[in-house]
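*Asks:* how does the following fold in three dimensions:
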Amino acid sequence: MHAPSVGLLAQIAVLMTLAATSGLGVAGWLAGLTYGAATWALLIRAMQQPDVTGWGPADTVTLARGTLVGAVTALVADSFFRPVPLWVLVALAAVALALDGVDGQVARRTGTCSRLGARFDMETDSALVLVLSVFVAATLGWWALAIGVFRYVFAAAAWVAPWLRAPLPPRFSRKTVAATQGTVLVVAAAGIAPTMVTVLVAVVLAALLWSFGQDVHWLWRHRKPPVEPAHAEQRQMEQRHPELAPFDNAPFERSQVNRSQVALSR
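*Replies:* Numbers count the residues shown, from 1 in each chain. Model (predicted):
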C-alpha cells in the first residue's frame, strides 16, 4: 500500500480515537477528513512527478506530523461549535511542532533529502501555523490570522508575479522567524498569560512582515527581465538552426563610421 494511503487511514484512526475519548462533532469530522483527503490527493500527485524517486524515512516522519496537524484541524473546527479539550489540542500541536526538526535530521543522516520531502515539510508547517492562527484569532482578534495567511498570500502572488517563484538564498533570520511563530502560537493557544502572549503574537506578526519584506525585496532586485514570446521563439529557432540567424551588420556599420571619421579628419 502506498504511503499516502497509509497516512489517510492513520488520519481516520486518529479522528476515531478523538471521537471516542474527547468527543468530536460534525464540524471536526468534516475538517479532519477534508484535511486527510487533501493531503492524500496532493501526495499522490506529487509522487507522480518524474523527479520523485521514492518515499524516504523522513517523509514518514513528516506524514506522522501531518496526521497530528489533521487532528488539530479537527479540534479547531469543532471549537467554534462546542467546547473542546484544550490540553489535547495544545499537546497535539506541541508534538507536531517538536517533530519539525526530526524529519530534517532523519533525511540528512539517511541521505534521503529530496525536493518532495522539503516541500512536504514546508506545507505541513504552514498548515499547522494556519490552523493555530485561526484558533488564536478567535480570542486575540482576527488580526492574528495574518500570521497563518501570509504564506498563502505570498504563494498566490507568485502566480501573478512569476519573479516571486525564484529560489531564495538561505537566511538564518527566516528560519528563526518560522520556528518562533509556531512556538508562540502554541503558547497562545494554551491561554497562558494572555497579556504577554498578545504582545508576543504582535511581535511575531511584525517579524513575519519584516521577513517577507526582505524576501520580496531580494527577489525584486534579482528578478530577470521578461522575454517577449516572439523574441523567445526567434532565439530558440536560431539556436536550433544557426544558418537562419540574421546577418550581423554591426561590424560593417562600424567600419563605415570609422572610414567617415578618417575622411573628415583629413
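*Asks:* which strands and helices sit next to the helix or strand V177 falls within?
*Replies:* V177 belongs to helix 172-190 when elements are defined using DSSP states H and E. The elements that helix 172-190 packs onto, with contact taken as 3 or more Cβ pairs under 8 Å, 6 or more residues apart in numbering; DSSP states H and E, are helix 86-98, helix 115-140, helix 194-221. (Glycine included, C-beta is placed from N, CA and C.)
*Asks:* contact partners of it?
*Replies:* Contacts of helix 172-190 with the rest of the structure, by Cβ atoms under 8 Å, 6 or more residues apart in numbering, involve 86, 89-90, 93-94, 97, 100, 125, 128-129, 132-133, 135-136, 139-140, 144, 147, 168, 197-198, 200-201, 204, 207-208, 210-211, 214-215.
*Asks:* show me where the stretch 151-266 of the chain dips below the pLDDT cut-off.
*Replies:* Within the stretch 151-266 of the chain, the set of residues satisfying pLDDT under 70 comprises 226-266.
*Asks:* burial check on the residue lying closest to A158 once chain neighbours are set aside, number of neighbours?
*Replies:* The shortest distance from A158 to any residue that is not its chain neighbour, by Cβ to Cβ, 6 or more residues apart in numbering, is 4.0 Å, and that residue is L164. L164 sits with 18 neighbouring residues when counted by other Cβ atoms under 10 Å.
*Asks:* L164 touches V153, doesn't it?
*Replies:* No: counting by Cβ atoms under 8 Å, L164 sits too far from V153 to count as a contact (10.8 Å).
*Asks:* I'd like the mean pLDDT over stretch 80-97, please.
*Replies:* Here the mean pLDDT over stretch 80-97 is 94, rounded to a whole number.
*Asks:* mind listing what's buried along stretch 112-131?
*Replies:* Residues of stretch 112-131 classed as buried under the neighbour-count rule (16 or more other Cβ atoms under 10 Å) are 112, 114, 116-117, 120-121, 123-131.
*Asks:* contacting residues around that stretch?
*Replies:* Residues beyond stretch 112-131 that count as contacts (Cβ under 8 Å, 6+ apart) turn out to be 35, 42-43, 46-47, 49, 51-53, 56-59, 62-63, 65-66, 69, 72-73, 76, 93, 96-97, 100, 103-104, 106-107, 147-149, 151-152, 178, 181-182, 185.
*Asks:* among those residues, which ones are buried?
*Replies:* 35, 43, 47, 56, 58-59, 62-63, 65-66, 69, 72-73, 76, 93, 96-97, 100, 103-104, 106-107, 147-148, 151, 178, 181-182, 185.
*Asks:* which ones among the residues you listed lie within helices?
*Replies:* The helices in this structure, assigned by DSSP state H, contain 35, 43, 47, 58-59, 62-63, 65-66, 69, 72-73, 76, 93, 96-97, 100, 103-104, 106-107, 147-148, 151, 178, 181-182, 185 from these.
*Asks:* which of the residues in the helix or strand where T17 lies are classified as buried?
*Replies:* Assigning secondary structure by DSSP H and E places T17 in helix 3-21. For helix 3-21, burial by neighbour count (16+ other Cβ under 10 Å) applies to A3, P4, G7, L8, A10, Q11, I12, V14, L15, L18.
*Asks:* likewise stretch 74-91?
*Replies:* Within stretch 74-91, the residues that qualify as buried are A74, L75, V76, A77, D78, S79, V84, L89, V90, counting by 16+ other Cβ under 10 Å.
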